[in-house]
Structure formats: C-alpha cells, structure tokens
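Asks: Fold the following for me, if possible:
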Amino acid sequence: MIRYFAEHPTASNILMILLLVSGLLTISNMEKETFPTIEKYEVQVSVAYPGADAKEIEESICLPLEDATDTISFVDETRCEATDNVGSFVLKMTENGNFEDFVQDIRDAIDAINTLPQESESPIIEELNQTSDVVSIAVSANIDKTQLKQLAETLKSKLVENPMIPKVSIEGFSQRILKVAIAEENLRKYGMSIQDVAGAISNQSVDLPAGELNTDNRYYQIKFFDQRKTPDELSKLIISSSASGAEVTLGELATITDTFETKEEAIEFNGRPAAILKISKNKRDDSLSIYDAVKAFVATENQTLPDGIELIITNDFASIIKDRIQLVLTNSWQGIILVVLSLFLFFNFRYTFWVAMGLPVAFMGSFMFIHALDVSINMISMVGLLIAIGILMDDAIVISESIAAEYKRGLPPLDAAIKGTKKVARGILSSFITTILIFGGLLFLKGDIGQVLKVLPIVLITVISVSLIEAFIILPNHLVHAIQKDHDKTTATFHWKAKFNRLFERLKGKVESLAKCSIEYRYLTIGLTFACLIITLSLVPAGFVKFKAFPEIDGNNIDAKILLPQGTPLARTEEVVSQVIAGLKTVDNQLSEQEIAPLVQNYSIKYNENSVADESGSHVATISVDLLSVELRKATINEVAAKWEENVGAFPDAISVMFKSPTTGPGGQAIQIRLQGNDLSDLSSASYALQTWLGAYEGVSGIRDDLRPGMPQIHIKMQEGTLAKGINASMIAQQLRGLIKAQMSQASNMVMKITKFMSC
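Replies: Purely as a prediction, here's the structure:
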C-alpha cells in the first residue's frame, strides 16, 4: 500500500483532495453548541393545586403519583417535590431503557389515577432537558405592561417566522386575566354572593360548539359564541334580571380591569420595565446559526422601533462557541507556523510545506467521520482537536525525518520514502494503539459525565486515525516529489542555517554524553526517576494540585439568586434587590477602572424566579448580569462574585443570596448530601447540625438545604352552634376561596364580617 501510493502520480493527491473537500462540506452542517448534548432521560409530572400547602401537596398529590408509577420498568430514581400550590414528580430512567416507551408508560399510569383532588388541575407531563438556551432579547420600554406584552407577542411572531430560529418564549408576565372587583355594598344591594357572580359569568360567557345542521343545499356548523374577552364586552354581561325585565349588568356591579394574575412576575432591564424573549434550541439545531439570525433581527428591528423602545441581546450562551472555535483555529495556524519554522531549520521549504500540510488534511478529513458519529462542535470536541494537534504533527515529523535520513544515506528518493516510512511504521502504530487504550476507556463511562467525556476519545481517535492515512499514504508521495525537485539542484545554504546546524551537532554530542553517563550510573538514574514520580504523586494529597471534575471556564454572565422565606411580601424582596443592585454598581465602579470598557454591560431583574431554589413567588428573585467579554476583561468571574458579595453584605431575613456563574454541562452542586427520614422535624434538626459541622471547614461556602418552612398559615374552624344558623363549613370555605381568588380590594371587610361565625 505504501509503495503503491508513493509510486502513483495522482492517487495520493486525489485522496488528499477528497479528505479536504469532504471536511469543508461537512463542517458547515455540523451542530455548534457550548457543551455536548446530555441525555437526562427524565420526565416531570406537575400537578397544580391552588391554595394547598406543602404537606397537603405531599399527601394528596405526591403519594398518589408515586403509587401509580411504582410498577413502571427501568425507573432509576423518583423524587417528588411538594411546595405550596404545586407538586412536581420527576422520574429518571436507567440508560438501558427505551425512553419513548418509558414516557408512554408514565402517561398511561397518570391517566389511570382517579384519586387526585377535584380542585387540582390536570397533570402536565413533560420531558426534561430537551432544549437548551442560546440567547435572549431584552425588550426594554417605559410603556404600560399590557402594551409591553402585546409588543413582545408581536416580536415573537416575527422571530418564529424565521426558519433559523426554532423556539421562542416570553418571560416577565404571568397569565393575563380580566379582574372583576366587587364592592361589598353592591353584593348586599343586589342580594348576591361571590359564587353567584362567578356562576353567572361562567354560564353566560360561553364559546361552545353545538354540532352540525344538514340541509339539502349546504351543511352548517352550529356554534354558540358569546364569550367576552375584553373589559368592555364583559361589563355588558347580564348578571341578574327580574320578571319586569329589569337587568343588572356586570359593569353596574363591579370594576373590571385587564391585568395580570400576579404582580411579582416582572422583569426590569437596566432599571427599566422589560420583557425577555428567550431563544432556545432543540438538540439538532445549530447555536451559531440561531445566534446570527437573532443578531440580524435585533439590528433590523432597532432601526424601525420608535424612540424609547430598544432591543438588547442578553444572556448570550452562543458567542463562547465562536471563541472556542477561534481558539482552535488560532492554535492550528500557530502550530503550523511553529512546525514550519522548526522543520525549515533542517529541511528545504518544499519538504517542510508537505509535512505541515498533514495538519489541515487530517483535521478536514476527520470532520466527516466525527459528524457521522453524531458529535457536534463544542467545547469538549475542541479540546480533543487541540490535543490531537501535537500527536499528529509528531507522526508526520518522525516519518519525514526517517525519509530524509534514508535519502542522505544514498538511496533514491522513492526507495528512501518507502524504506523510511516502513522503518518507523511499527513505532508510530504502537503509539497509536497506546493512545487508543488510554483514551478509549472514557468511551465506557456511564452517567452524565460519561456522555460528556466520550466526545473527547471519539474526536481524538478519529483525528489521529485519519492522520495515519495521511502520514503513511499521502505524505510519502509528496516527499518523494519534494526530494526529486531538489535532487539535481544545488541548494544554497543560509549562513544562519549552517551556524544553527553546528550548534545543534554540538548539543547532540552533549546529549549523547549525558545518555552514556545515565547508562553508566543506571541505579542512580532509576532512583532519581522514582523520586520524581513520588514527588509528583505527593502534590495531590499535599494540596498543591487541586482536583476538579471539570475545569472552571470563565464566562460572560453572573447571577445573584435571592431566596427569602415564603410569605415575604414583594416590597421586601424589592428592597433586597435594590441593595444587591447597589452593590453591583459599586463593584462596577471599582473594577471598571482597570478595564477598557465598563465591566457591567447589562443587568436584568427577574422576580418570581430562582432556578437554584426551584421556587416561585414574591419571595424569590434573580439578577442576571452581562459582563464585558472574557477576551477583553481582566477580572475573572470569581473575583467579580467575591467583590459583589463583599459589597452587598448580609441580610438577616434571607435564607440565601448566591452569586454564581450559570453552569454548562453536567452541572449541580460540588457536593450534595441527601438526608432521608419520616419525621420532618428530625430531618430539619439533622440538616442544621450537618450544615454547622460542614461550615467549620475552611473554604466551604454556600451551604443550604431544600427543606424550608412554608408560608405562614391561619387556620380557621367553625364555632360551636354556628351550624344551627344555617351556615356550614363548606359554605364558609367556598366564600373564602372565591374571595381570595378574586383578589378584591374590599376583601378585608368581607373577611371581618364572616369571622363573626368563626374562630381563628
């Protein structure tokens, strides 16, 4: 094979062109993402039960869900989190199961449950981790919240029309509702209750298909349509009428406003009201293509939007991919230049050129196979390519030097290429097999870490395999021609090159002397070798060399996640947020002096969100900060986080305020300890004791647990003798529930009137 390609005038060139063209055609179609796709195999079943506390959620939601799914096959782990108003049940499948069958089994089991409370909403079943964030657009404007939502909806419609943008969601708004507020005196005036009004609205605002009407000439679809969707339409709804024809409309009885369900679900961006358009992708979508489409959209829309409304790109998780690709490209051409310069010290330029060409040929040729193995361009595959650069250049240099040595001994160029290649073939193949054995073991790792690390050996082994083809089949032919071109020429020797060769020969002589000395004092040499090994290994337990599963990669985003006790009013959360923002501005002023631009580019405040605590409500908030690009700034994420925390200080009523960079890949806490037990009081005591013990260790920070007291409760029960007055517990409970859900401004007066028959 080596002889055939070395002798054939065009075969090696055709193979080289095929590898280059296949790589160029493939690389444009490869997915580009920050981290390799991790198959979580998790399904979440969420059941909302408005008004229920965590204990009631556990008993009436979690336990029925757990019982119904006990017999499902391939379940690795189940966990149910009971919080106020909602229960979230997550099932994780083992890696040897079929995920589609697993999801269907869960759907069948959930559909068969008939013990969930009637007041609870229908279960929502969703597959987790099917999408990943790419970038977000902040729609910043000082306009009414309803108008801002309409603007966000319009922009979303434009975005999804672009085939390059797969998924867009709007953040910053709760469910839009028509709020009906009824004064207590109006209810007394017309002799009605909250339930009467709610029932009248439900019965009269109707959109209901009635069936089909068939005639000889045409078929008709009959539909009763009298649904009221605006405050004006709803105000004209007839609530009550008398035999004389007198009618009472809802507008006469109540005040109707178009608003949102919860006021705490809101976003501020750089101090202004904002909506966030979050763009995410499926597993097969290309992050860079999506990012480029979004960037073009923002530039176009900003030219047409009126003054005071601005679109700003934020939470950018795609540009880091460009940075990593640029890093590989930079290392590649720098590596080629260094190789060319090094080889040029010993060989002529044409010979050096063909040796260096092995790098782009091997890279381009490997992309076709990497893509076929379902590997994307991501941070881990980039690391594999960087490692491969050194290995494949070593092979090319060894073969080229061997061929040159045979040629200097007097062999013709063709014979020198064949003999020189065969002479080092065993050594190169041995090195190749050793690399496979070392890195190939990563292919058999399981779990999330295994799914990430397997990308490294796939890329590395593929690249060096293609490099063997280039080194044994393509390179010898080119070196034959390079030698033949200069065979009959008298090559002028540069003065500096001759001087370098003399210095190199002198250095080679000293190395030979050192080698002879090490052989003569072989026991001392072996002893020093083992001493170096022992010293190297001792650096890990001594603490000089730290261990981390994945290296910390400086990004461009940092978050402050605020968690206060449940039941904390929104006003207190806003006070804490204001203090955290003040600390951020102080850090910006302190560190921006050493930067070429302001350190803090943008910041957004999201109330009702804390992904670490996995809670929602008026007691949580997240502040997301876009920093100056890591390539331009001097301060690291850790330095910014430490300074920010130092300037903010402590909050005595806060459960936790965490400053951290968003994680990519198989994230999670550095150390996670699970405590199990049947008594919540014992669990709480054990958790507190464990946190106190762990906190005594130097360097431990951010300790928290997920067992937290719920919202303060007021328990209501009937007084003795109340039933004789025609009032039962169900009536009072329904009145309270309707009153609280309506969020009436006069609710306090109504409650005070009802408490005549109750005790708290």
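
Asks: Phe224: what's it in contact with?
Replies: When the contact criterion is Cβ atoms under 8 Å, 6 or more residues apart in numbering, the partners of Phe224 are 206-210. The C-beta positions use only the backbone N, C-alpha and C, and glycine is treated the same way.

Asks: want to try a markdown table for the residues you listed, with pLDDT and secondary structure as columns?
Replies: Formatted as a markdown table, the contacts of Phe224 follow (pLDDT from 0 to 100; DSSP: H, G, I helix; E, B strand; the rest coil):
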| residue | pLDDT | secondary structure |
| --- | --- | --- |
| Val206 | 69 | coil |
| Asp207 | 70 | strand |
| Leu208 | 71 | strand |
| Pro209 | 73 | strand |
| Ala210 | 71 | strand |
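
Asks: Among those residues, find me the one that's closest to Ser518.
Replies: Closest approach between these and Ser518, by Cβ to Cβ: Asp207, at 91.3 Å.

Asks: tell me which element the residue lying farthest from the centre of the chain is part of?
Replies: Within the chain, the residue lying farthest from the chain centre (Cα atoms, centre = their mean) is Ser244, at 65.2 Å. Using DSSP states H and E, Ser244 is not contained in any helix or strand.

Asks: pLDDT at it, what is it?
Replies: Among the per-residue scores, Ser244 shows a pLDDT of 71.

Asks: any idea how far it is from Val640?
Replies: Distance of Ser244 to Val640, given as Cβ to Cβ, to the nearest Å: 74 Å.

Asks: next one: Glu66
Replies: Distance from Glu66 to Val640, by Cβ to Cβ: 43 Å.

Asks: Neighbour count: those two, which is higher?
Replies: Val640 (23 against 15; other Cβ atoms under 10 Å).

Asks: Verify the stated contact: that one with Leu627.
Replies: Yes - between Val640 and Leu627 a contact is recorded at 6.7 Å, counting by Cβ atoms under 8 Å.

Asks: hey, what's in contact with both of the two?
Replies: Joint contacts of Val640 and Leu627 (Cβ under 8 Å, 6+ apart) are 558, 599.

Asks: Surely Gln221 forms part of a helix?
Replies: No - using DSSP: H, G, I helix; E, B strand; the rest coil, the assignment for Gln221 is strand, not a helix.

Asks: Help me confirm that it comes into contact with Glu212.
Replies: Yes - contact criterion Cβ under 8 Å: Gln221 and Glu212 qualify, at 5.6 Å.

Asks: Check what pLDDT Asp144 gets.
Replies: At Asp144, pLDDT is 85.

Asks: residue contacts, it?
Replies: Taking Cβ under 8 Å, 6+ apart, we find Asp144 in contact with no residue.

Asks: mind checking the backbone torsions on it?
Replies: phi -60, psi 150 (degrees, to the nearest 10).

Asks: and it, how far is that from Ala635?
Replies: In terms of Cβ to Cβ, Asp144 sits 39 Å off from Ala635.

Asks: With Glu595 instead?
Replies: 7 Å.

Asks: and if you look at Gly384?
Replies: Gly384 is 30 Å from Ala635, by Cβ to Cβ.

Asks: cool, and Gly172?
Replies: From Gly172 to Ala635 the distance is 29 Å (Cβ to Cβ).

Asks: Have a look at the two and say which one is more surrounded.
Replies: Set Gly172 next to Ala635 and count neighbours by other Cβ under 10 Å: Gly172 wins out with 27 against 19.

Asks: Let me see the confidence value for the more buried one.
Replies: 86.

Asks: Ok, the one 10 residues further on next?
Replies: For Ile182, the model assigns a pLDDT of 81.

Asks: same thing with Cys760?
Replies: 33.

Asks: what about Asn275, which helix or strand?
Replies: Careful, residue 275 is Ala and not Asn. strand 272-281.

Asks: next structured bit after that strand?
Replies: Counting by DSSP H and E, what follows strand 272-281 is helix 287-304.

Asks: Report all helices and strands that that next one contacts.
Replies: strand 132-141, helix 145-161, strand 272-281, strand 309-314, helix 319-344 (3 or more Cβ pairs under 8 Å, 6 or more residues apart in numbering; DSSP states H and E).

Asks: Would you mark the buried spots in it?
Replies: Under the neighbour-count criterion of 16 or more other Cβ atoms under 10 Å, helix 287-304 has 287-291, 293-295, 297-298, 301 buried.

Asks: List just the nearest of these to Ser402.
Replies: Leu288 (41.7 Å).

Asks: leaving aside the residues next to it on the chain, what's closest to the closest one?
Replies: Lys32 (4.5 Å; Cβ to Cβ, 6 or more residues apart in numbering).

Asks: so what's Ala582 up against?
Replies: 647-648.

Asks: what helix or strand is it on?
Replies: Per DSSP H and E: helix 570-591 holds Ala582.

Asks: for the record, mean pLDDT for that helix?
Replies: Per-residue scores along helix 570-591 average to 92.

Asks: And for stretch 259-278?
Replies: Mean predicted lDDT for stretch 259-278 stands at 86.

Asks: what do you get for stretch 17-27?
Replies: 88.

Asks: Export only the CA atoms of that stretch, formatted as CSV.
Replies: Taking C-alpha atoms only, stretch 17-27 is exported to CSV below (Å, rounded to 0.1, in the frame of the first residue of the first chain):
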residue,chain,number,x,y,z
ILE,A,17,-8.4,16.4,-2.2
LEU,A,18,-11.3,14.1,-1.1
LEU,A,19,-10.4,14.5,2.5
LEU,A,20,-10.2,18.3,2.3
VAL,A,21,-13.4,18.7,0.3
SER,A,22,-15.4,16.2,2.5
GLY,A,23,-14.3,18.2,5.6
LEU,A,24,-15.2,21.6,4.1
LEU,A,25,-18.7,20.3,3.1
THR,A,26,-19.3,18.6,6.4
ILE,A,27,-18.1,21.3,8.8
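
Asks: Buried ones in it, by neighbour count?
Replies: 19-20, 22-23, 26-27.

Asks: and if you look at stretch 346-357?
Replies: Buried residues in stretch 346-357 (16+ other Cβ under 10 Å): 346-347, 351-352, 354-357.
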